[in-house]
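In: got a structure for you, letters missing:
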């Protein structure tokens, strides 16, 4: 594997990781901690903004409910406010010790919206992959023009990069397909 391919693969792997993280936050009909763990919560007593997973343990005791148990009971109102103001569309209910998040079933229209959102996220990462390919190909062309690599080596590197992008685009398609299926079955 050439230096170009390893550089390209590293950047493409980051795009896939970014997509995986983004898909974790997309709601399906099932309760999963990934739905809320990255929510940013303003904690007035700490004077900072933190992710929910840094403030509480998040469990799914049943398929349609999430339970958020703050590590510090003083932050429960801040957490509740943060969940309420987020765009996940779930109303929290608190008993003073834990916050319960009932996950309502998705309507047919909402499933379509979420499926479209997932496809759009996948397409954005495919564009990112193509941008990586373009940048590395420019670098190969510049090195070929500067005679630091041979024409055969440049062609070989470009072929390798084309194979890489094909592999990573297939991964994007699989991730999007899997999440879309999860939403539709949810």
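Out: Arrived safely, thanks for sending. Being a predicted model, the structure only gives us computed values, none of them experimental.

In: other SSEs contacting the longest helix seen in the chain?
Out: Longest helix of the chain, by residue count under DSSP state H: helix 108-145. The contact analysis (3 or more C-beta pairs under 8 Å, 6 or more residues apart in numbering; DSSP states H and E) places helix 108-145 against helix 3-24, helix 151-185. Heads up, the C-betas are built off the backbone N, CA and C, glycines and all.

In: and the gap between residue 33 and residue 113?
Out: 22 Å (C-beta to C-beta, to the nearest Å).

In: ok, now residue 63?
Out: 22 Å.

In: quick revisit: would you indicate which residues of the longest helix of the chain are buried?
Out: 110-111, 114-115, 117-118, 121-122, 125-126, 128-129, 132-133, 136-137, 140, 143-144 (16 or more other C-beta atoms under 10 Å).

In: And for stretch 4-11?
Out: Buried, per 16+ other C-beta under 10 Å, within stretch 4-11: 4, 5, 8, 9, 11.

In: a markdown table for those, including pLDDT and distance to residue 51?
Out: Shown next, in a markdown table, are the buried residues of stretch 4-11 (pLDDT from 0 to 100; distance: C-beta to C-beta, whole Å):
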| residue | pLDDT | distance to residue 51 |
| --- | --- | --- |
| 4 | 85 | 36 |
| 5 | 87 | 35 |
| 8 | 89 | 31 |
| 9 | 91 | 29 |
| 11 | 91 | 25 |
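
In: Give me the mean pLDDT for the longest helix of the chain.
Out: For helix 108-145, mean pLDDT rounds to 90.

In: Now the residue positioned nearest the centre of the chain. Nearest residue, chain neighbours left out?
Out: Centroid-nearest residue in the chain: residue 22, 1.7 Å away (criterion: C-alpha atoms, centre = their mean). Nearest non-adjacent residue to residue 22, counting by C-beta to C-beta, 6 or more residues apart in numbering: residue 121, 5.3 Å away.

In: can you pull the contacts of that neighbour?
Out: 19, 22, 23, 26, 176 (C-beta atoms under 8 Å, 6 or more residues apart in numbering).

In: and residue 137, what does it touch?
Out: So residue 137 contacts 158, 161 (C-beta under 8 Å, 6+ apart).

In: Report the separation between it and residue 163.
Out: In terms of C-beta to C-beta, residue 137 sits 13 Å off from residue 163.

In: Over to the residue lying farthest from the centre of the chain. Which of the three states is it?
Out: The C-alpha centroid of the chain is most remote from residue 147, which lies 40.7 Å away (C-alpha atoms, centre = their mean). Three-state call for residue 147 (DSSP: H, G, I helix; E, B strand; the rest coil): coil.
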